[in-house]
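Trainee: Would you be able to build a 3D model of this:
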Amino acid sequence: LKDLADLWSVDIEKDLTAYLTDLHLALNAEGHNVNFAEAAFLVQNSAQYYSKKVEQLAVLVYTVLEQVTESKRREMQKEGNGDFQDAEFNAFEVTLHELD
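Mentor: The predicted structure is shown next:
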């Protein structure tokens, strides 16, 4: 949970904006060269953080969908409809499995 909180606390936009501002100032100064290795490193790390955020979000959504599906299944069993032939429910399960 701590890793998840740390992951979402990183403000990628703020860091990239600060870097671009510094880069713009450096380009306006005479005799300053762009450090492409540093820029590439920043872009690569930003992409990794963003990727991890997207992955964690997908895991959370998948978990919620599984819980909703299980809740619907239990509800249908309580109602005595154990065959699960409800078209809407089956379509929902297909969508759930497509995310996997």
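
Trainee: ok, longest helix in this structure?
Mentor: Ordering each helix of the chain by length in residues (DSSP state H) puts helix 36-78 first.

Trainee: Just name whatever secondary elements that helix is in contact with.
Mentor: In this structure, helix 36-78 packs against helix 2-9, helix 12-28, helix 87-98, with contacts taken as 3 or more C-beta pairs under 8 Å, 6 or more residues apart in numbering; DSSP states H and E. C-betas here are computed from N, CA, C, even on glycine.

Trainee: which SS state does residue 34 fall under?
Mentor: coil (DSSP: H, G, I helix; E, B strand; the rest coil).

Trainee: what about it, neighbour count?
Mentor: Neighbour count of residue 34, defined by other C-beta atoms under 10 Å: 10.

Trainee: how close does it get to residue 28?
Mentor: Counting by C-beta to C-beta, to the nearest Å, the gap between residue 34 and residue 28 amounts to 12 Å.
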